[in-house]
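Novice: Next one to model:
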Amino acid sequence: MSDIQPIGPMSPRETKMYEDEYAQGASLFDRALELSVKSGYPGQQEQFSDVMRKAMEVLNQTARQLKREDLAKQNQAIDQDYQLYQQNPTKEHATQLHKDLQNAQKLIRKRTL
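Specialist: So this is what the prediction gives:
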């Protein structure tokens, strides 16, 4: 994915492609979070953290491409709670982050239905 902004409005096909990519990024982030919580190995947890960071990049890039302020705001909540989880990986922080990711998926699905 690139940071190049499209010229003119996006076609419905392009919009759907970015919405699907956003949903996949949120799903991947959530799955990596779930596995990170279950993992007891620091090396493995670092790999999951790497996946979560990359998924966050996808979420931010696709929200920009879609020019969706609602997604950008949700991404801020995800990023803030991800930072809290990184600093203190408690079940409570993981649960809040999971809720943020579920909300992101609801936002994108609401638009695509």
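
Novice: for residue 89, what are its contacts?
Specialist: With contacts defined as CB atoms under 8 Å, 6 or more residues apart in numbering, residue 89 is in contact with 36, 37, 45. For the C-beta atoms, the positions are set from N, CA and C on the backbone; glycine is no exception.

Novice: Secondary structure element holding the closest residue to residue 63 other than its chain neighbours?
Specialist: Leaving aside its chain neighbours, residue 63 sits nearest to residue 71 (3.8 Å; criterion: CB to CB, 6 or more residues apart in numbering). Secondary structure from DSSP states H and E places residue 71 in helix 69-87.

Novice: measure the residue nearest to residue 63 to residue 57 for me?
Specialist: Relative to residue 57, residue 71 is positioned 14 Å away (CB to CB, to the nearest Å).

Novice: quick one on the thing from earlier: which members of the contacts of residue 89 are positioned in helices?
Specialist: Among the contacts of residue 89, DSSP state H puts 36, 37, 45 in helices.
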